[in-house]
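K.L.:
Pasted the sequence and its predicted model underneath.
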Amino acid sequence: AQSVTQLGSHVSVSEGALVLLRCNYSSSVPPYLFWYVQYPNQGLQLLLKYTSAATLVKGINGFEAEFKKSETSFHLTKPSAHMSDAAEYFCAVSDNFGNEKLTFGTGTRLTIIP
Amino acid sequence: NAGVTQTPKFQVLKTGQSMTLQCAQDMNHEYMSWYRQDPGMGLRLIHYSVGAGITDQGEVPNGYNVSRSTTEDFPLRLLSAAPSQTSVYFCASRIQRESSYNEQFFGPGTRLTVL
């Protein structure tokens, strides 16, 4: 069975500061990993995905994530936080590239302090 | 394209009532799915479908029924609502193609309260 653990249900950072949202995965097979963002009262939107092509993955809105097999991690980062980044972020894992039954983490709510 | 649409946006039910949450997509996606989102639990898969006439259970199927008579529509039925079904429900769709990654597109959600 596959799973993801997101450390920290709430993270607050100052505008302009580094954003770091943590995700660790557990999978019996090479995983496919994803970060989704959910803005208030909206559905989920794909930020970025890891599908084994490159360990450092760049996504939309300046976010990126690095796949570290030795640490079983896929942390999301952004060098400089913007007020518009305030949202809830979900890490997700799938064990199959095409047949994507996603298993989601519990989410991290990101607050940006002006 | 309207993408994935869901109706209603909000619904309040009494225990024991039945209702259908509607989901439609205009992208000709074969794969459609329903998730529920609960605080501190992320999203959990309820049911999914890989094409018209084909459905299967996800992680939390009890209390919900689905059918897929057309490619466009994938309704979720609550036969006898219970307070434990109070949640936000998301529908999603994607292309069904085994050879490459296929992004899922999510609807805006239905917020359901069962009293």
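P.N.:
Perfect, thanks for sending it.

K.L.:
centroid residue for chain B?
P.N.:
Centroid check for chain B by Cα atoms, centre = their mean gives B:Trp34 as the closest residue, at 2.6 Å.

K.L.:
Bridge partners for that one, pull those for me.
P.N.:
B:His47, B:Cys91 (DSSP bridges).

K.L.:
give the contact list for it.
P.N.:
B:21, B:23, B:45-48, B:58, B:64, B:66, B:74, B:76, B:89-92 (Cβ atoms under 8 Å, 6 or more residues apart in numbering or on different chains). Every residue, glycine included, has its C-beta placed from N, CA and C.

K.L.:
Now residue 45. Nearest residue, chain neighbours left out?
P.N.:
Since you didn't name a chain, this refers to chain A. Distances taken as Cβ to Cβ, 6 or more residues apart in numbering or on different chains put A:Val37 closest to A:Gln45, at 5.4 Å, once the chain neighbours are dropped.

K.L.:
actually chain B
P.N.:
Closest to B:Leu45 by Cβ to Cβ, 6+ apart is B:Gly58, at 3.1 Å.

K.L.:
The one you found: how many residues sit nearby?
P.N.:
17 (other Cβ atoms under 10 Å in any protein chain shown).

K.L.:
Quick check: mean pLDDT of stretch B:6-22?
P.N.:
Regarding stretch B:6-22, the rounded mean pLDDT is 96.

K.L.:
Can you give me the end-to-end span of it?
P.N.:
6 Å (Cα to Cα, to the nearest Å).

K.L.:
residues from chain A in reach of chain B?
P.N.:
A:9, A:32, A:41-46, A:49, A:51, A:90, A:97-102, A:104-107 (Cβ under 8 Å from any Cβ of the partner chain).

K.L.:
what about burial for the residues you listed, which qualify?
P.N.:
The neighbour-count test (16 or more other Cβ atoms under 10 Å in any protein chain shown) applied to the residues of chain A next to chain B identifies A:32, A:43-44, A:46, A:49, A:51, A:90, A:97-98, A:100-102, A:104-107 as buried.
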